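Participant: Got a predicted model here, sequence first, then my questions.
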Amino acid sequence: MQLYRLRCECGAETSVSKGQAGGEVRCAGCGRAVAVPTLREFAQLPMAEGDTGHSGAPKQWTLRQGLIAGGTVIALVCWGLAAWISSATHFEFDIERVQFEIDRAPFMRVYAAWKELQVADVERDETIGEYRSRNLGRVGKASATTLTALGGVGVLIALGGALLVRGGSREPQDRAA
């Protein structure tokens, strides 16, 4: 709890808290009743000795802390999503499995299929699975690239908060020599 110093007419000081605002306290020096200021006037009172100023209320963030935290969160979320999208949309055909199936099939059947495709000169239509896979790969790659770039923007925001705001908040130094 924050305590403030309230000075009596006799010069003695009494510690008061905001919970006593608008009331009265007895002066420890002369015993006189001293009016405790209202909440609006508490800002004008000096803090009591030994009071660290810590209250139960959380400290407000500075611009620097907000930029660093916000930029870091943006970067981590974007990069995490980019990694997830990249892994979810990356399709590869198992060439070893295809080779295994060809090797397992009778030679004459493989040769006949190859000859038929060579002579037929017919293009086969893309299956719906191949179409979806190809488009999902394109969209996924574009999304992952965009999210990676946004993650970079988040890092720049965090660095800006760490470097630029810190540089602008320096207090002037005394040049006493």
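Facilitator: Cool, got the structure.
Participant: Next, give phi and psi for residue 24.
Facilitator: phi -130, psi 150 (degrees, to the nearest 10).
Participant: contacting residues for the residue nearest to it when sequence neighbours are not counted?
Facilitator: Of all residues not flanking residue 24 in the chain, residue 33 sits nearest, at 4.8 Å (CB to CB, 6 or more residues apart in numbering). Backbone N, C-alpha and C define where each C-beta goes, glycine included. Going by CB atoms under 8 Å, 6 or more residues apart in numbering, residue 33 touches 24, 25, 26, 27.
Participant: Name whatever forms a beta bridge with residue 33.
Facilitator: residue 26 (DSSP bridges).
Participant: thinking again about what came up before, between the contacts of residue 33, which has the most around it?
Facilitator: Greatest neighbour count in the contacts of residue 33, by other CB atoms under 10 Å, goes to residue 27: 18 neighbours.
Participant: dump the residue contacts of that one.
Facilitator: Per CB under 8 Å, 6+ apart, neighbours of residue 27: 8, 10, 12, 14, 33, 34.
Participant: Pull the number of nearby residues for the third one.
Facilitator: Yep, that's residue 12 we're talking about. 15.
Participant: pretty sure it contacts residue 29?
Facilitator: Yes: under the criterion of CB atoms under 8 Å, residue 12 is in contact with residue 29, at a separation of 2.8 Å.
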